[in-house]
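Enquirer: Need the 3D shape of this:
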Amino acid sequence: MAFAGSLFGAVGTAGQRCTTLRRLIIHEDIYDGFVKRLADAYPLFEKRMGDPQHPDTLVGPLHNAAAVKGFVDGLATIKAQGGKVIAGGKVVKGNFVTPTLVEIDHSAPVVQ
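Expert: Numbers count the residues shown, from 1 in each chain. The predicted structure is shown next:
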């Protein structure tokens with residue numbers, strides 16, 4: 001249930017929601033398996049990118065070029081602070097970016 005809720009909360013509404021999931025705190029006993037499942041699922045959403053009004057679309061575009069720049073700059077900051085991209089992390093075309101899963105220590109400044 002936590003996996004399905006996390007996946008839907010992060011990418012299941014075409015990115016068109018203010019309440020999109022941004023952080024997960026996962027118990028160490030299930031961390032590796034949970035993250036692997038997410039990493040395996042994220043690429044499946046890349047095939048369902050498009051017009052948010054189309055019924056087959058699961059991932060829509062960011063709202064403007066400034067949001068795309070924020071995405072790119074945010075990933076650069078995460079990497080500079082020791083984080084890594086686990087899935088996604090690419091600008092596809094125009095304002096479309098791949099659903100992205102990153103991992104970074106909770107003490108990193110970008111998390112704080």
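Enquirer: do you know how far the residue positioned nearest the centre of the chain is from Pro55?
Expert: Among the residues of the chain, the one closest to the centroid is Thr100, at 3.1 Å (Cα atoms, centre = their mean). Distance, Thr100 to Pro55, using Cβ to Cβ, to the nearest Å: 24 Å. The C-beta positions use only the backbone N, C-alpha and C, and glycine is treated the same way.
Enquirer: helix, strand or coil for Arg37?
Expert: Per DSSP: H, G, I helix; E, B strand; the rest coil, the secondary structure class of Arg37 is helix.
Enquirer: got a list of what it touches?
Expert: By Cβ atoms under 8 Å, 6 or more residues apart in numbering, the contact list for Arg37 reads Phe3.
Enquirer: same thing but at 10 Å, please
Expert: By Cβ atoms under 10 Å, 6 or more residues apart in numbering, the contact list for Arg37 reads 3, 6-7, 30.
Enquirer: Phe71 now?
Expert: Phe71 sits next to 62, 88-91, 95, 97-98, 100 when contact means Cβ under 10 Å, 6+ apart.
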